[in-house]
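Colleague: Below are the sequence and a predicted model; questions follow.
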Amino acid sequence: MNLVQSSKLVAMLAGVMMLAACAGGSDTNTGPVDTGPSYAAGSQEAFLDAVGARGDHVYFAFNRYDLNGQAQAALGQQAAWLMQNPSATVRVAGNCDERGTREYNLALGARRANSVKDYLVSLGVDPSRVETISYGKERPECIASNEECWAINRNGVTSVTNGPSS
Amino acid sequence: MLELKTKRCNGMKGCAILIALFGLLVAPVQAQEPLHVDITEGRVDPLPIAVPDFIGKDRREISAGSSLASVITNNLKRSGLFQPIDPRAFIERPSDFDTLPRFQDWRIIDSDALVTGQVVYQDDGRIRVEFRLWDVVRDQQMVGKRYYTTPENYRRVAHLISDEIYERLTGETGYFDTRVVYVQESGPKNNRRKRLAIMDQDGFNSAFLTDGNNLVMTPRFSPTSQEIAYLSYVNDNPRVFLLNIETGQQEVVGDFPGMTFAPRFSPGGDKIIMSLERRGNSDIYTMDLVKRRSTRLTDHPAIDTSPSYSPDGRYITFNSDRSGRQQIYVMRSDGTDVRRISFGEGKYATPVWSPRGDLIAFTKILKGRFYIGVMRPDGDPKTERLLTESFLDEGPTWSPNGRVLMFFRQTPSEVDGSGGTVRLWSVDLTGYNLRPVATPGDASDPAWSPLIK
């Protein structure tokens, strides 16, 4: 069991790093010097810029909804941004891989989203600012049927719901 | 005429069918066991049966007669209990519906049963369809019936005739005059569009029920009305909805502070049983559709979902991970006396009580493979039987006679986006008769209707 879990963790981390590498080219702001960011404070873009590439995501082990150290670090960044932008509200979506049954995965996705919410609240974020939703296995980001994709798809994703649109 | 009754419509306009049972054509009786297919014992030898084209006088009657025979043949073949004989082997070509068949001509080609019929266009534009089922071994008519309907409704009549044949030869209620509600899927896996759709059990007459703007899943038929309970993400709020398939009217079920999902009707059709998720935890509730009152049935920090009533309404089976992993449980319908019934290797999910009450169908996950299986509600591990296996088989639904299961099967997806098809399949309780169900595109979450009244 330990072996299986650790191999899954390796696969998951590999997946995260792969995605981080992919996203690396697109999040640099290439506008003229000294004009600052082109997005409004408190917006989804500002949030993504603050938390870093894939910092809006936390990842879960198979059939689990507890947060590992990496997830807690990411949520620390999210909470810091939320404290600096007190009018922003967010929604956390809980997602699962395709290796479970549909209805159970809806329930598991809800647990994952609430794990994220509970942790943000424990860091001082007002619970009324964080809503949750579960998509179960309905919204995979990575489409292949392999361990790498499944690790990527077991996630909680935070997004700003009331920010100024850009 | 010995019997006269009408069949209701099921969400289709102008489809009333008048049915009459008429007298027997008599032939000399021989003392032999009547024809019977035993469907309760493991693998059965399919019964050879001949279904020649129904007789017609002119081109349109002959065409309708051929279509009727073809629908009936397909139903009987798909059941796995009958082996329709290739029409090219037929010696007699029936030309007069009201004379006895030449039984020896059918015995020579090893047919045990024979279906004859005719189609007559009436002056009022309707068609009259008649059929007789013959026991070729005993030279006897087993049943004969007459139906009046509109010409475009011929498939429905063919399903009713198929049910009569099935019932006479197996002693069990048929399931051909039924429909299936399901989720039609399209688009890439990471941007899937899902729509509710409904079709006849043989995959024909598929029609959409929703427009695809909202994510929908897990539709279930009411046992008593033309309503479907399902999960919809209207305004990104996952809630259980009711849809009337005759009027198209939709309404949300109750006013709950969290996600409601995994709905099913009570056997009386007056309640919805489902999961309600609050602060991440899912428990089982009922919603009385008449009194508009909800009742909590489980209160446990584990996931409790996928509830399904026993046909007598006294018990509920459901899925819970309170033991540490997904298992199947049974409790009384008031939520007391909870006991686990799945004890095999692996995880168990999606329990569904058979309409006969004798079995619970489930999805099993073991070592990365998915199975559809059945077990007895008393939880005796020796009664567990696995019927199918693949990369992903999920979500069984029972035929109304409790003899066939339909489910969906997903294939693995490749990195380039190929694969990942999702299709409906059926399998009977012997496990030998596994067949794809034709749908216009990808399809999941099938739910079988009760017999159409």
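Modeller: That came in fine, so what should we check first?
Colleague: any weak-confidence spans in chain A?
Modeller: For chain A, the stretches with pLDDT under 70 are A:1-37, A:163-166.
Colleague: any idea how far the most centrally placed residue in it lies from A:Arg154?
Modeller: Most central in chain A under CA atoms, centre = their mean is A:His57, positioned 1.7 Å from the mean C-alpha point. Using CB to CB, to the nearest Å, one gets 10 Å for the distance from A:His57 to A:Arg154. The way it works is simple: take the backbone N, C-alpha and C, and place the C-beta from them, glycine included.
Colleague: got it, and A:Ser115?
Modeller: A:Ser115 is 12 Å from A:Arg154, where distance means CB to CB.
Colleague: Comparing these two, which shows the higher neighbour count?
Modeller: Taking neighbours as other CB atoms under 10 Å in any protein chain shown, A:Ser115 and A:Arg154 compare with A:Arg154 leading, 30 against 23.
Colleague: Can you get me a residue count around the residue in the stretch 151-300 of chain B that chain A sits nearest to?
Modeller: Taking CB to the nearest CB, chain A has its nearest neighbour within the stretch 151-300 of chain B at B:Gly280, 2.8 Å off. When neighbours are counted by other CB under 10 Å, B:Gly280 registers 24.
Colleague: Repeat that for the one 4 residues further on.
Modeller: B:Ile284 has 25 neighbours, counted by other CB under 10 Å.
Colleague: just to revisit the earlier point, tell me the phi and psi of the residue nearest to the centre of chain A?
Modeller: phi -110, psi 140 (degrees, to the nearest 10).
Colleague: Against chain B, how distant is it?
Modeller: Between A:His57 and chain B the computed distance is 15 Å (CB to the nearest CB, to the nearest Å).
Colleague: Might you report the residue contacts of that residue?
Modeller: For A:His57, the contact set (CB atoms under 8 Å, 6 or more residues apart in numbering or on different chains) comprises A:16, A:74, A:155-158.
Colleague: Equivalent analysis for B:Asp177, please.
Modeller: Taking CB under 8 Å, 6+ apart, one finds B:7, B:156, B:159-160, B:162-163, B:451-452 in contact with B:Asp177.
Colleague: ok, B:Gly431 - how many residues close by?
Modeller: Counted with other CB under 10 Å, B:Gly431 comes out at 17.
Colleague: swap in A:Arg91?
Modeller: Counted with other CB under 10 Å, A:Arg91 comes out at 17.
Colleague: Name the residues linked to it by a beta bridge.
Modeller: For A:Arg91, the beta-bridge partners under DSSP bridges are A:Glu131, A:Ser159.
Colleague: Surely it touches A:Glu131?
Modeller: Yes: in this structure, A:Arg91 is within contact of A:Glu131 by CB atoms under 8 Å, at 4.8 Å.
Colleague: what residues are shared contacts of these two?
Modeller: Applying CB under 8 Å, 6+ apart, one finds that A:Arg91 and A:Glu131 are jointly contacted by A:Thr161.
Colleague: which phi and psi does the closest residue to chain B within chain A have?
Modeller: Using CB to the nearest CB, the single residue of chain A nearest to chain B is A:Asn114, 2.8 Å away. The phi/psi pair for A:Asn114 (degrees, to the nearest 10) reads phi -80, psi -30.
Colleague: so who does it touch?
Modeller: Contacts of A:Asn114 (CB under 8 Å, 6+ apart): A:65, A:92, A:94, A:132, B:279-280.
Colleague: Quick check: the gap between it and A:Glu131.
Modeller: 11 Å.
Colleague: Below-threshold pLDDT in chain B: ranges please.
Modeller: B:1-16, B:19, B:21-34, B:37-44, B:453.
Colleague: care to break it down by domain?
Modeller: What automatic domain parsing lists as the domains of chain B is B:2-170, B:179-448.
Colleague: Dump those to a markdown table, plus distance to A:Val51.
Modeller: Below are those laid out as a markdown table (distance: least, CB to CB, whole Å):
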| stretch | distance to A:Val51 |
| --- | --- |
| domain B:2-170 | 50 |
| domain B:179-448 | 22 |
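Colleague: so of those domains, which one's packed in deepest?
Modeller: Of all the domains of chain B, domain B:179-448 has the most neighbours on average by mean count of other CB atoms under 10 Å in any protein chain shown, namely a mean of 19.
Colleague: Give the helix, strand or coil label for A:Glu103.
Modeller: For A:Glu103, the assignment made with DSSP: H, G, I helix; E, B strand; the rest coil gives helix.
Colleague: The residue in the stretch 351-453 of chain B that chain A sits nearest to - nearest residue in space that isn't next to it in sequence?
Modeller: Nearest residue of the stretch 351-453 of chain B to chain A: B:Pro412, at 3.7 Å (CB to the nearest CB). Leaving out its chain neighbours, the residue that sits closest to B:Pro412 by CB to CB, 6 or more residues apart in numbering or on different chains is A:Ser145, at 3.7 Å.
Colleague: So what's the residue count around that neighbour?
Modeller: Using other CB under 10 Å, the number of residues around A:Ser145 comes to 22.
Colleague: who's in contact with it?
Modeller: With CB under 8 Å, 6+ apart, A:Ser145 has these contacts: A:98, B:391, B:412-414, B:419-420.
Colleague: where does it land in three-state SS?
Modeller: State at A:Ser145, reduced to three classes by three-state DSSP: coil.
Colleague: any idea how far it is from A:Gly156?
Modeller: A:Ser145 is 22 Å from A:Gly156, by CB to CB.
Colleague: Where do the helices of chain B begin and end?
Modeller: Ranges of helices in chain B, per DSSP state H, are B:59-78, B:103-108, B:154-170.
Colleague: what's the answer for chain A, then?
Modeller: A:2-23, A:44-51, A:69-84, A:102-122, A:147-153.
Colleague: Now do the shortest one: which elements does it pack against?
Modeller: Helices and strands touching helix A:147-153, by 3 or more CB pairs under 8 Å, 6 or more residues apart in numbering or on different chains; DSSP states H and E, are helix A:2-23.
Colleague: if we go to 10 Å?
Modeller: Here helix A:147-153 touches helix A:2-23, strand A:57-59, going by 3 or more CB pairs under 10 Å, 6 or more residues apart in numbering or on different chains; DSSP states H and E.
Colleague: Could you tell me the end-to-end distance of stretch B:70-86?
Modeller: The first and final residues of stretch B:70-86 sit 11 Å from each other (CA to CA, to the nearest Å).
Colleague: Repeat that for stretch B:92-101.
Modeller: Start-to-end, stretch B:92-101 (CA to CA) is 8 Å.
Colleague: And for stretch B:301-310?
Modeller: Terminal residues of stretch B:301-310 are spaced 25 Å apart (CA to CA).
Colleague: now do stretch B:253-267
Modeller: End to end - CA to CA - stretch B:253-267 spans 17 Å.
Colleague: Stretch B:107-118 now?
Modeller: Taking CA to CA as the measure, stretch B:107-118 stretches 22 Å from start to finish.
Colleague: before we move on, what about stretch B:410-421?
Modeller: Taking CA to CA, stretch B:410-421 runs 6 Å from one end to the other.
Colleague: Tell me which of the helices of chain B sits nearest to B:Arg192.
Modeller: Among those, the nearest to B:Arg192 by CB to CB is helix B:59-78 (28.7 Å).
Colleague: same for that closest one, what does it pack against?
Modeller: For helix B:59-78, the packing partners by 3+ CB pairs under 10 Å, 6+ apart come out as strand B:47-50, strand B:82-84, strand B:113-121, strand B:127-135, helix B:154-170, strand B:435-437.
Colleague: Kind regards, and thank you for your time.
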